[in-house]
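>>> Sequence first, then the predicted structure, then my questions.
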Amino acid sequence: MVQVAAALLFAFAAGLGITVILAMLKSNESAILSALLGEGAFAGDTAPQPGPATVIKLRPSTPLRHVARAIVARPQLSRAA
């Protein structure tokens, strides 16, 4: 009985998966097929063109003027111990 229920659940999940795949193909058929063919998401003339990125000059960071403080180790035991 449990095996029959598991088989029915598996068949339902497989059918649902195929339905989702078909719905995705219906709504985005051209984009999916062009990606599978290796054309990418953009057409050749509207694709972003490679080139030098916009250069933004950053101001140099100021040197650290403080001296690192020594950390004093304190015992982890309470006074009652």
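Looks like it came in fine.
>>> tally of neighbours for residue 10?
10 (other C-beta atoms under 10 Å). Bear in mind the C-beta positions are built from the backbone N, C-alpha and C, glycine included.
>>> Next, the buried residues of the helix or strand hosting it.
Element membership for residue 10, per DSSP states H and E: helix 2-27. By 16 or more other C-beta atoms under 10 Å, helix 2-27 has no buried positions at all.
>>> Downstream of it, the next helix or strand is which one?
helix 29-36.
>>> which regions of this structure lie under the pLDDT threshold?
39-49, 53, 62-75, 77-81 (pLDDT under 70).
>>> how much space between residue 1 and residue 7?
Going from residue 1 to residue 7 by C-beta to C-beta, to the nearest Å gives 11 Å.
>>> Residue 26 too?
29 Å.
>>> What of residue 18?
Residue 18 is 17 Å from residue 7, by C-beta to C-beta.
>>> and what of residue 57?
Taken as C-beta to C-beta, the span from residue 57 to residue 7 is 66 Å.
>>> now swap in residue 24 and tell me
26 Å.
>>> ok, now residue 51?
57 Å.
>>> Repeat that for residue 38.
Distance from residue 38 to residue 7, by C-beta to C-beta: 39 Å.
>>> same thing with residue 50?
With C-beta to C-beta as the criterion, residue 50 and residue 7 are 53 Å apart.
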